[in-house]
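Engineer: need coordinates for the following:
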Amino acid sequence: MPASEHNYFEILKKEIADTYRKTYPSCLAPVEEWKGQDIANFQEELIIKVKGRISEKWFYTHLKSQNDKLPRIDMLNMLSQYAGYQDWRDFTNQKQDFTKETQPKNESAIPEPSAPIPSKEEKQETAVQPKSKKYKALPIILAGITVALFLILKENSKQYRCCFVDLNGQTLISNSKLEVRILKDGESPVAVYPDNSGCFEYKTKDEQLRFVVSSPYYKIDTITRFLNRKQTEEKIKLQTNDYALMIHYFSTSNINDWKSRRNQLNDMISKEAKIFQVYENGNGMELYNKEEFINKITMPINSLKNIEILETNYNGNQIVLLRFIQTRVSK
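Structural biologist: The predicted model follows:
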């Protein structure tokens with residue numbers, strides 16, 4: 001791939017991230033650092049905005065890792081359209097014009113006036129001039145200031161640790177895809193992911209800490225804490241997302257009363273709900289309406305079990321958006 005085209009493609013990846021961030025402002029990472037949920041969201045964005053599809057394997061090959069081979073022109077056209085251009089040619093032409101406009105003009109350099117040559121007497125006077133004591137002390141002063149600033153910052157820094165538990169207050173919530181977004185005035189949220197035990201740590205100089213915690217199987221909650229050095233660790237109880245847990249339970253349990261299950265799903269899901277299935281192998285997604293999804297989940301076939309919820313949005317007491325992945329049950 002010519003160097004110029006490679007540079008254009010790197011610029012396009014940055015603009016893709018900027019466009020994606022308009023819909024998902026909490027994602028501050030470049031395309032190369034996107035993980036599963038961001039990749040799935042990006043696949044959905046392409047379907048909705050440019051009616052295009054990419055697989056997770058294609059994403060890893062061409063966007064997440066360095067690849068000397070340029071993607072096919074149809075894929076470049078699709079990505080350029082997503083970033084707001086007509087096609088790949090329109091994108092490269094605009095970037096080429098921008099480069100020409102911003103390139104500095106080649107002006108002849110104006111020579112600096114030469115300093116006067118010191119006389120022999122001036123050279124001798126300079127040679128015997130002793131170094132000033134204040135210049136000798138300057139490195140010591142700077143080192144002292146650096147140490148003082150470090151100690152002040154360390155003293156003012158506060159480390160906060162939090163673990164999430166069920167409503168009983170005892171059971172740690174682990175392996176539930178918890179996400180914590182740190183909120184600061186005038187800044188985009190910063191995502192922090194708890195460890196496998198359901199705990200996370202955060203260090204700050206601020207007196208107040210605000211964050212949003214979310215998970216597919218627990219309700220979103222916004223937490224505000226005023227920090228001090230006496231209390232740096234706590235447990236926070238999260239309320240379960242009952243509908244998400246119920247759908248997961250329906251898909252993994254053996255229930256003979258199919259009519260009752262269908263009635264429950266009918267009450268839980270809005271008739272205007274948008275339901276997306278993200279394919280396990282990363283080859284895209286599929287859109288269901290309410291009736292199609294209910295038929296799918298109530299079909300007594302082992303190969304269609306194990307639905308794992310990725311995201312739910314509500315309007316009142318009904319689900320209006322559902323995103324899920326379905327794993328196959330091995331025989």
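Engineer: residue contacts, the closest residue to residue 183 other than its chain neighbours?
Structural biologist: Nearest in space to residue 183, with sequence neighbours left out and distances taken as C-beta to C-beta, 6 or more residues apart in numbering, is residue 210 at 4.3 Å. C-betas here are computed from N, CA, C, even on glycine. For residue 210, the contact set (C-beta atoms under 8 Å, 6 or more residues apart in numbering) comprises 182-184, 222-225.
Engineer: quick one, phi psi at residue 210?
Structural biologist: As for residue 210, its main-chain torsions (degrees, to the nearest 10) stand at phi -120, psi 130.
Engineer: what number of residues lie near residue 89?
Structural biologist: Residues lying near residue 89 (other C-beta atoms under 10 Å) number 13.
Engineer: my error: substitute residue 308 in the last question.
Structural biologist: For residue 308, using other C-beta under 10 Å, the count is 18.
Engineer: my read: it touches residue 327, true?
Structural biologist: Yes - with the criterion set as C-beta atoms under 8 Å, residue 308 and residue 327 qualify as a contacting pair; they are 6.7 Å apart.
Engineer: now the helices for the stretch 1-150 of the chain?
Structural biologist: In the stretch 1-150 of the chain, the helices defined using DSSP state H, counting those that start in this stretch lie at 3-23, 36-50, 56-59, 73-82, 88-102, 120-127, 133-156.
Engineer: quick check, pLDDT for residue 107.
Structural biologist: Looking at residue 107, its pLDDT stands at 47.
Engineer: do the same with residue 281
Structural biologist: As summarised for this prediction, residue 281 has a pLDDT of 69.
Engineer: which intervals of the stretch 151-300 of the chain have sub-threshold pLDDT?
Structural biologist: Judged by pLDDT under 70, the stretch 151-300 of the chain has its weakly predicted residues at 151-157, 169-170, 174-176, 229-232, 254-256, 281-282, 300.
Engineer: strands of that one, residue ranges please.
Structural biologist: According to DSSP state E, counting those that start in this stretch, the stretch 151-300 of the chain carries its strands in the segments 158-165, 179-183, 190-192, 199-204, 208-215, 218-226, 233-237, 269-278, 285-288.
Engineer: closest to residue 17 out of the ones you listed?
Structural biologist: The closest approach between residue 17 and any of the strands of the stretch 151-300 of the chain, judged by C-beta to C-beta, belongs to strand 190-192 at 14.4 Å.
Engineer: show me the contact partners of the closest one.
Structural biologist: Residues contacting strand 190-192 (C-beta under 8 Å, 6+ apart): 26-28, 179-182, 184, 200, 202, 211.
Engineer: show me the domain layout of this structure.
Structural biologist: The chain breaks down into these domains under automatic domain parsing: 3-97, 157-237, 242-326.
Engineer: roughly how far apart are residue 85 and residue 308?
Structural biologist: 36 Å (C-beta to C-beta, to the nearest Å).
Engineer: contacting residues for residue 289?
Structural biologist: Contacts for residue 289 (C-beta under 8 Å, 6+ apart) come out as 273, 275.
Engineer: how about 10 Å then?
Structural biologist: Contact criterion C-beta atoms under 10 Å, 6 or more residues apart in numbering gives 269, 271-275 as the residues in contact with residue 289.
Engineer: hey, what's in contact with both of residue 308 and residue 327?
Structural biologist: In the contact map built from C-beta under 10 Å, 6+ apart, the residues linked to both residue 308 and residue 327 are 251, 280.
Engineer: show me how far stretch 268-280 is from its chain's centre.
Structural biologist: Between the centre of stretch 268-280 and the centre of its host chain there is 23 Å, according to C-alpha atoms, centre = their mean, to the nearest Å.
Engineer: and it, which residues are buried?
Structural biologist: Using 16 or more other C-beta atoms under 10 Å as the burial criterion, the residues of stretch 268-280 that qualify are 268-270, 273, 275-278.
Engineer: compare the mean pLDDT across the helices of the stretch 1-150 of the chain and name the weakest.
Structural biologist: Lowest mean pLDDT of those: helix 120-127, a mean of 52.
Engineer: one step back: relative to residue 45, which of the contacts of residue 289 is nearest.
Structural biologist: For the contacts of residue 289, the minimum distance to residue 45 (C-beta to C-beta) is 13.9 Å, reached by residue 274.
Engineer: contacts only, for that closest one.
Structural biologist: Taking C-beta under 10 Å, 6+ apart as the contact definition, residue 274 lies against 287-290, 313, 319-323.
Engineer: per-residue pLDDT of residue 54, please?
Structural biologist: We have a pLDDT of 91 for residue 54.
Engineer: and stretch 236-247, what's buried?
Structural biologist: By neighbour count with 16+ other C-beta under 10 Å, stretch 236-247 contains the buried residues 238, 240-241, 243-244, 246-247.
Engineer: likewise for stretch 35-47?
Structural biologist: 37-47.
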